[in-house]
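Engineer: From the sequence below, what's the structure:
(one chain, ligands or ions: 1)
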Amino acid sequence: MRVLVLSDIHSNLEALEACLDTASYDIVVNLGDIVGYGASPNEVIKRSRKIGKYFVRGNHDRAACGLTDVTEFNPVAAMAAMWTRQQLTEENLIWLRKLPQGPLRIKELPDTEFVHGSPLDEDEYLIDGRDAVGPLSVSPVAVTFFGHTHLQGAFYRGSGLDDETLRPQYRNTRGPETLELSLKADARYLLNPGSIGQPRDGDWRAGFVIYDSDARVAEFHRVPYDVEKAQRRILDAALPERLAQRLAVGR
Ligand code: ZN
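Structural biologist: Numbering: from 1, shown residues only. Predicted coordinates for the structure are as follows:
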């Protein structure tokens with residue numbers, strides 16, 4: 001089965017559409033932060049619900065629907081969360097409030113789970129190899145997909161307890177690119193598809209993973225999208241300018 005794993009769309013409809021235009025998949029799993037920062041929250045929720053039924057909630061989803069307040073957010077993120085709350089339809093607010101907390105398991109995919117931040121804490125950031133030691137040590141499954149950091153890549157541990165980190169290195173940041181990682185049978189993996197709508201690894205292109213669960217291959221993808229259109233929507237909505245600027249540099 002080909003599983004499209006999406007994370008951190010952040011109300012960026014143009015980036016989501018570019019991903020869906022190129023990806024071929026059987027099912028979709030969404031790791032949360034569907035909304036927040038970008039200017040198309042209702043459109044992105046509609047599109048996301050149309051393509052799949054598997055979701056975990058992100059911290060921005062919780063803030064936007066009022067499950068948590070925005071005191072932990074920086075001023076720009078807080079402003080965007082409040083703006084999003086005002087824009088969301090009643091139906092979408094209710095839908096966001098019901099999103100499950102991870103880890104999520106899917107019966108067609110044994111030995112695999114899906115979380116927003118970390119399997120131990122939905123709000124924890126797994127940024128480097130040190131952060132991954134705890135989850136890799138206790139994980140009950142071979143493959144865990146996570147998001148939240150907006151950094152595409154993988155952490156894994158082989159049978160010799162040797163930990164490795166993978167950050168995909170692409171040739172450039174212009175066209176669509178793919179990098180394959182074949183999963184070893186005796187290793188544990190934490191896989192981050194990167195962010196669709198607000199990448200922060202210095203690559204502005206939308207990031208996602210297609211996981212071939214039969215071949216046990218994770219394909220990391222980057223696709224260009226109409227970043228100027230997404231920026232224009234943010235500025236037209238009078239959201240903070242910084243949210244538009246950062247999309248072009250992927251930071
Ligand atoms: Zn996020």
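
Engineer: all strands for the stretch 101-250 of the chain, in order.
Structural biologist: Using DSSP state E, counting those that start in this stretch, the strands found in the stretch 101-250 of the chain span residues 112-114, 143-145, 153-157, 163-166, 177-182, 188-192, 206-212, 217-223.

Engineer: For the fifth one, which residues meet the burial criterion?
Structural biologist: Residues of strand 177-182 classed as buried under the neighbour-count rule (16 or more other Cβ atoms under 10 Å) are 177, 181. No exception for glycine: its C-beta is placed from N, CA and C like everyone else's.

Engineer: Give me every residue in the stretch 1-150 of the chain lying close to the ion.
Structural biologist: 8, 33 (Cβ under 5 Å from the ion).

Engineer: Name the nearest residue to T68, sequence neighbours excluded.
Structural biologist: R62 (4.5 Å; Cβ to Cβ, 6 or more residues apart in numbering).

Engineer: Quick check: which element contains that neighbour?
Structural biologist: For R62, the host element (DSSP states H and E) is helix 59-64.

Engineer: Show me what that helix is in contact with.
Structural biologist: 10, 32-37, 41, 68-70, 73, 77-78, 81, 84-85, 88, 96, 99, 116-117, 122-123, 148 (Cβ atoms under 8 Å, 6 or more residues apart in numbering).

Engineer: State the next helix or strand along the chain beyond that helix.
Structural biologist: Downstream of helix 59-64 (by DSSP H and E), the next one is helix 75-87.

Engineer: Could you list every helix and strand that that next one packs against?
Structural biologist: Applying 3 or more Cβ pairs under 8 Å, 6 or more residues apart in numbering; DSSP states H and E, we find helix 75-87 packed against helix 41-51, helix 59-64, helix 241-249.

Engineer: Residue ranges in the protein under the pLDDT threshold?
Structural biologist: Within the chain, the ranges that satisfy pLDDT under 70 run 161.

Engineer: OK, now which residue of it is nearest to the ion?
Structural biologist: Nearest residue of the chain to the ion: D33, at 3.4 Å (Cβ to the ion).

Engineer: Surely E43 touches E14?
Structural biologist: No - assessed by Cβ atoms under 8 Å, E43 is found out of contact with E14, at 10.1 Å.

Engineer: Of the two, give the one with the bigger neighbour count.
Structural biologist: Legend: neighbour count by other Cβ atoms under 10 Å for E43 and E14, higher for E14 (21 against 16).

Engineer: Run a quick check on that one versus V227, I expect a contact.
Structural biologist: Yes - using Cβ under 8 Å, E14 makes contact with V227 at a distance of 7.2 Å.

Engineer: which residues touch stretch 119-133?
Structural biologist: 56-57, 59, 101-103, 113, 115-118, 134-135, 138-139, 144, 146, 148-149, 151, 155, 163-165, 190, 192.

Engineer: Just the buried residues out of those, in PyMOL syntax.
Structural biologist: Buried residues among these (16+ other Cβ under 10 Å), as a PyMOL selection:
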select buried, resi 56+57+59+102+103+113+115+116+117+118+135+139+144+146+148+149+151+155+163+190+192
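
Engineer: joint contacts of E14 and V227?
Structural biologist: Common contact partners of E14 and V227 (Cβ under 8 Å, 6+ apart): none.

Engineer: Next, count neighbours for D111.
Structural biologist: By other Cβ under 10 Å, neighbour count at D111 equals 12.

Engineer: quick one, what contacts it?
Structural biologist: The contact partners of D111, by Cβ under 8 Å, 6+ apart, come to 141-143.

Engineer: ok, now D33?
Structural biologist: For D33, the contacting residues are 7-10, 58-61, 116, 147-148, 195, by Cβ under 8 Å, 6+ apart.

Engineer: Name the member of the residues you listed with the most neighbours.
Structural biologist: When the contacts of D33 are compared by neighbour count (other Cβ under 10 Å), I9 ends up highest, at 33 neighbours.

Engineer: quick one: that residue from D201, how far?
Structural biologist: Taking Cβ to Cβ, to the nearest Å as the measure, I9 and D201 are separated by 16 Å.
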